[in-house]
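1. Return atomic coordinates for the entry below.
(4 chains)
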There are 2 protein chains.
Amino acid sequence: MSQHRHPGAPGRAGAVPALPDLPEATVARLPEYLRALHNLADAGHETVSSEGLSAAAGVNSAKLRKDLSHLGSYGTRGVGYDVALLIEQIEYVLGLTQRRAVALVGVGNLGHALAGYDGFASRGFRIAALLDADPSRVGEEINGLVVRHVDELPAVAVEESIAIGVIATPAAAAQSVADQLVAVGVTSILNFAPCVLSVPEGVDVRKVDLAIELQILSFHEHRKASLTALPATGGSALTALPGGLAATETQEAIGT
Amino acid sequence: MSQHRHPGAPGRAGAVPALPDLPEATVARLPEYLRALHNLADAGHETVSSEGLSAAAGVNSAKLRKDLSHLGSYGTRGVGYDVALLIEQIEYVLGLTQRRAVALVGVGNLGHALAGYDGFASRGFRIAALLDADPSRVGEEINGLVVRHVDELPAVAVEESIAIGVIATPAAAAQSVADQLVAVGVTSILNFAPCVLSVPEGVDVRKVDLAIELQILSFHEHRKASLTALPATGGSALTALPGGLAATETQEAIGT
DNA sequence: CGCGATTTGTGCACGTCTTCACAAGCGCCT
DNA sequence: AGGCGCTTGTGAAGACGTGCACAAATCGCG
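-> Numbering: from 1, shown residues only, chains lettered A, B, ... in the order given. Below you'll find the predicted structure:
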């Protein structure tokens, strides 16, 4: 751990970039840091301390420093991190220097919303194709894109060099869609359908299930209710905080 | 660990239910088990082995057994778990025996989709109110509910006894909405806005950020790309699997 | 009634993640 | 130049989560 000199940032140095293999937990937090950094940059900050950035990202400052140290450490002791440099570094590590093309399959309720979500475009992605199995939806134009039939996937994959597939179909169709995506070479899938997908080794699947999130909250709600039913043992020390709203550490980001 | 006899299932036994305080990781998986169990029940299965259920939920069978053992263990050795009983137990622990009322704030693109999502109704929740700050949206009817102004939140909270708030506003408005939710007594919030919320102790916040999920996938995509650029060191052993599609363990649910 | 097949529940070891606490390094001011 | 305050980077300890492997329990059959 001595030879660093900007490992292979956007201005590529020639040799293999040598992606450090980061702990999965760190990877899951980098996007959050990135978002916070963009906010800071927009606000005109040139540098930021680990304390400041960690507060903006809602995590512990020691954790943030350790996370950043994994990707080579671009901070200056006594000063902090250079905001622009750090943005560049994280975007490089996350592979966001190239704008990845996303194919969205299933333009029902949720699919419509995703197709219209600006957050993708502004954060490194381009929705390159909308697909659906329902012929009555094919041809519809959403946000400047025409919905095509899912059978055209092979052609679309080549035309747009799709990197990531998003599944927003009903659960019953999801496995079939996943198979089709895999067949055309997609190795990263974001699945919104409430079901488990089985995919070959080497393909990454992440799942977002809105009902599950609510059910987790419901558990905590249930537990809190069953606790306040008891006499004031120790909970009062918490609920009777003078400050009203103060704590921030409560935040529980997904993927933690 | 000896006196169990159905701790306090739906037919409440009188005394304090004594919610076991489960590991957070277990809580995050229970909803997945529940979904798999409902599928099994619909398919006519009366019992299921840990092996079978774990496959349906996409997890390791030992992990599943340990998870279930935390909530009191309703299995029979040599036989498996009673599907109906397990559903009942998990729903009780998750607090789904009462259908919780959800207030959805922000009926833009994403809010519309959420308002129309059947998954909520079928899995223990009831969208009880739609709110928005934009006067031009107030009065619109979505899925049988009329959008009301967010200032009416105090009234709505009382009328519907809101348990959970869902924020689907732009990031700029999210903190303000969160404050208003907290002010009317909501202690569980699901946040879709890409920002960190600061809330008082005792309030649970879960965050879902669609762009972050894509960015995590992007990282893995980037890494895979930088690996296949190298000569066949050991990756070939994986990519050249004879089976084609076989592995299932790849699944990476959110919150892991 | 006993035996074997089956499946749960769990002790234990291992790996990963988190957090504290502090030495090392940097810039600024005198 | 030297010292002081501030901030990073990291060793070490502890908490947490995972997975193996096996004993204990149950059923069915002869």
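2. If we go by neighbour counts, what in stretch A:46-65 is buried?
-> A:47-50, A:52-59, A:64-65 (16 or more other CB atoms under 10 Å in any protein chain shown). For every residue, glycine as well, the C-beta is placed using N, CA and C.
3. ditto for stretch A:212-226
-> A:212-224.
4. Which one of these is nearest to chain B?
-> Distance to chain B, by CB to the nearest CB, is smallest for A:His222 among the buried residues of stretch A:212-226, at 2.7 Å.
5. before we move on, the earlier item: among the buried residues of stretch A:46-65, which one lies nearest to A:Ala183?
-> Looking at the buried residues of stretch A:46-65 and their distance to A:Ala183, the nearest is A:Ala57, at 38.2 Å (CB to CB).
6. State the pLDDT value of the closest one.
-> Note on A:Ala57: pLDDT of 98.
7. How about the contacts made by it?
-> Residues counted as contacts of A:Ala57 (CB atoms under 8 Å, 6 or more residues apart in numbering or on different chains) are A:Arg29, A:Glu32, A:Tyr33, A:Arg35, A:Ala36, A:Leu64, B:Val196.
8. now it: how far from B:Val208?
-> Separation of A:Ala57 from B:Val208 (CB to CB, to the nearest Å): 16 Å.
9. Contact residues of the stretch 1-150 of chain A facing DNA strand D?
-> A:1, A:48-51, A:61-62, A:65-66, A:68-69, A:73-81 (CB under 7 Å from any atom of the strand).
10. Which positions within stretch A:169-185 qualify as buried?
-> Buried residues in stretch A:169-185, defined by neighbour count with 16+ other CB under 10 Å: A:Thr169, A:Ala171, A:Ala173, A:Ala174, A:Gln175, A:Val177, A:Ala178, A:Gln180, A:Leu181, A:Val182.
11. Which residues does it contact?
-> For stretch A:169-185, the surrounding residues in contact (CB under 8 Å, 6+ apart) are A:103, A:105-106, A:108, A:111, A:133, A:150, A:153-154, A:157, A:162, A:165, A:167, A:189, A:191, A:193-195, A:197-200, A:203, A:205, B:245.
12. Swap in 7 Å and give it another go.
-> A:105-106, A:133, A:150, A:153-154, A:157, A:165, A:167, A:189, A:191, A:193-195, A:197-200, A:203 (CB atoms under 7 Å, 6 or more residues apart in numbering or on different chains).
13. what does the stretch 1-150 of chain A put close to DNA strand C?
-> Listed as neighbours of DNA strand C in the stretch 1-150 of chain A under the rule CB under 7 Å from any atom of the strand: A:23-26, A:59-60, A:62-63, A:65-66, A:76-79.
14. Looking at those, which are in strands?
-> Among those, the ones falling in strands (DSSP state E) are A:Thr76.
15. Restricting to C-alpha, output stretch A:146-156 in PDB.
-> Output of stretch A:146-156 as PDB, limited to C-alpha atoms (Å, rounded to 0.1, in the frame of the first residue of the first chain):
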ATOM      1  CA  VAL A 146     -41.700   3.600 -28.200                       C
ATOM      2  CA  VAL A 147     -42.600   0.400 -26.500                       C
ATOM      3  CA  ARG A 148     -41.500  -2.700 -28.400                       C
ATOM      4  CA  HIS A 149     -42.500  -6.300 -28.100                       C
ATOM      5  CA  VAL A 150     -40.300  -8.300 -25.700                       C
ATOM      6  CA  ASP A 151     -39.600 -10.800 -28.600                       C
ATOM      7  CA  GLU A 152     -37.500  -8.000 -30.200                       C
ATOM      8  CA  LEU A 153     -35.100  -8.200 -27.200                       C
ATOM      9  CA  PRO A 154     -32.300  -9.800 -29.200                       C
ATOM     10  CA  ALA A 155     -32.400  -7.100 -31.800                       C
ATOM     11  CA  VAL A 156     -32.600  -4.400 -29.100                       C
END
